[in-house]
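> would you be able to build a 3D model of this:
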Amino acid sequence: MLEVSRCTRYSAEGVACINVTPMADGWCREPGCDGFTRPSSAEAPALKNAKFYGSPEEVAQTGSRPANIKGNPATVKVWPQAGAAILSTR
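Numbering: from 1, shown residues only. Modelled structure (predicted):
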């Protein structure tokens, strides 16, 4: 028998999903459920002493920028639908 539980995710508007899911991560992946783990970014914990690879602080401290980054520090875009992060150096 397949065990199901209520989806624990939120839409982009911050509305809790009412679907059920058999998925271990608690996300139903149904249309209308964007898969956000919090209702808003305000609910996220604050970053403390965050350092970014190739940031101005790192360059000032080490005297060099990593060879694979030309210009601004790398940014990461997370697409909750795909469950993966995409690295961008632009």
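> if I look at residue 23, how far off is residue 61?
Remark: distance between residue 23 and residue 61 (C-beta to C-beta, to the nearest Å) = 42 Å. C-beta coordinates here come from the backbone N, C-alpha and C atoms, glycine included.
> burial of residue 15, as a residue count?
Residues within reach of residue 15, counting by other C-beta atoms under 10 Å, total 13.
> now stretch 38-48: mean pLDDT?
On average, the pLDDT along stretch 38-48 is 82.
> residues in contact with that stretch?
10, 14-16 (C-beta atoms under 8 Å, 6 or more residues apart in numbering).
> of all those residues, which two lie farthest apart?
14 and 16 (8.2 Å; C-beta to C-beta).
> ok, and what's touching stretch 22-37?
2-5, 7-12, 14, 17, 19-21, 80-81, 83.
> likewise stretch 5-15?
Contacts of stretch 5-15 (C-beta under 8 Å, 6+ apart): 16-21, 26-28, 30, 32-40.
> recalculate using a threshold of 10 Å.
Stretch 5-15 has contacts (C-beta atoms under 10 Å, 6 or more residues apart in numbering) with 16-30, 32-43, 80.
> tell me where this structure is predicted with low confidence.
Filtered on pLDDT under 70, the chain yields the residue ranges 50-55, 58, 63-90.
> that one: helices as residue ranges?
Taking DSSP state H as the criterion, the chain carries its helices at 56-62.
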